[in-house]
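Visitor: need coordinates for the below:
(2 chains)
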Amino acid sequence: MDSIGEACSDLKKQYDACFNSWFSEHFLKGNTNDSMCAPMFKVYQQCVKKAMKEHKIDFHEVEKDLLGTSEERQPPKNGK
Amino acid sequence: MPRFYETSTVFNYSWDQVAQGFWKRYPNPNSKHVLTEDTVHREIRCGQLFTKRLLSKTNSIPKWAERFYTAKHVNIVEESIVDPKNKVLITYTRNLGYAKVMSVTEKVVYKESEEHPGKTVALRSAWIDSQVKGFSRAICAFGYERFKKNCHKMVGGFDHVLSNLFPLQHTIPSPQATVTAASKLKDAAKNASELAKSKAAPIYASLHPNQS
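Guide: Below you'll find the model as predicted:
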């Protein structure tokens, strides 16, 4: 998949490839050290954050944590 | 009042496979509406992986709703938590912007199936809400139906990606699983025939009271 920033797509694909092998070979096997792809992630992030700004995407809104917080939506009580 | 929708799906893959496939589920033949995908945040907290991704999608809406919704694209934020120890993946997805017109929030919990060992169950919940005066009911109804329809496509698309990633498992089930399945089937057939016999006798008797 392409990045929202055209200029970031190559960086994104390199990072994704690194992440996917880290996820399978390390993380799922119990190793939670994530330094392996950190340098690639940093460069990709600089690019994508600039692109988000250009697309006028509200960064604050994106960064908000909802999952696992009190703001997370709950199923209706009556089950419907 | 938001509309609520809930459904569950069983994927014929182990939880580890589903978790790996989750990051690769776009593109797929059913995801032509997904235009871009970016990871915008990622960290490990207490042994769990927390990720935020930003997706942009095309936005198809009915003509009557165009007065509220002018954007051709919609941005989506997908939060996720992967807990490798307990084998649980939770995703929580919401649209950015236009949330007052229509907000669609989806939560999916992927975990190992208790009924079907080696398979993964996905429990999907969705909330569709609108705050447009006089139109919220119509907008919610549209959003609800569209979501329901798209669920099927989402599952099909993900399954397609999994079958490409793990083709062997798809065609050749492990021998152990086959044996268990076969013996289970045999048991089920035996139980069913016994049940049928036990039920049939009194029915037969009640239909033919003079003969018994």
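
Visitor: ok, the residue lying closest to residue B:112 once chain neighbours are set aside - contacts?
Guide: Leaving aside its sequence neighbours, residue B:112 sits nearest to residue B:15 (C-beta to C-beta, 6 or more residues apart in numbering or on different chains; 4.8 Å). Any C-beta I mention is one placed from the backbone N, CA and C, and that applies to glycine too. By C-beta atoms under 8 Å, 6 or more residues apart in numbering or on different chains, the contact set of residue B:15 is B:87, B:89, B:110-112, B:120.

Visitor: now stretch A:15-33, how far from the centre of its chain.
Guide: 14 Å (C-alpha atoms, centre = their mean, to the nearest Å).

Visitor: list the buried residues of that stretch.
Guide: A:15-16, A:18-19, A:22-23, A:27-28 (16 or more other C-beta atoms under 10 Å in any protein chain shown).

Visitor: all helices of the chain, in order?
Guide: All of this is about chain A. All helices of chain A, identified by DSSP state H, fall at A:9-25, A:38-54, A:59-63.

Visitor: chain B is the one I meant
Guide: Using DSSP H, the helices of chain B run over B:15-22, B:136-165, B:167-171, B:175-207.

Visitor: rank the ones you listed by mean pLDDT and give me the bottom one.
Guide: Ranked by mean pLDDT, the helices of chain B bottom out at helix B:175-207, with a mean of 54.

Visitor: tell me how far residue B:152 lies from residue B:27.
Guide: 18 Å (C-beta to C-beta, to the nearest Å).

Visitor: nearest to residue B:159, out of the helices of chain A?
Guide: Smallest distance to residue B:159 across those (C-beta to C-beta): 18.8 Å, for helix A:9-25.

Visitor: other SSEs contacting the closest one?
Guide: helix A:38-54, helix B:15-22, strand B:34-45 (3 or more C-beta pairs under 8 Å, 6 or more residues apart in numbering or on different chains; DSSP states H and E).

Visitor: would you mind listing what in chain A touches chain B?
Guide: Neighbours of chain B within chain A, by C-beta under 8 Å from any C-beta of the partner chain: A:1-5, A:8, A:12, A:15-16, A:19-20, A:23-24, A:27-28, A:30, A:32, A:34, A:41, A:44-45, A:48-49, A:52, A:57-58, A:61-63, A:65-68, A:72-73, A:75-76, A:80.
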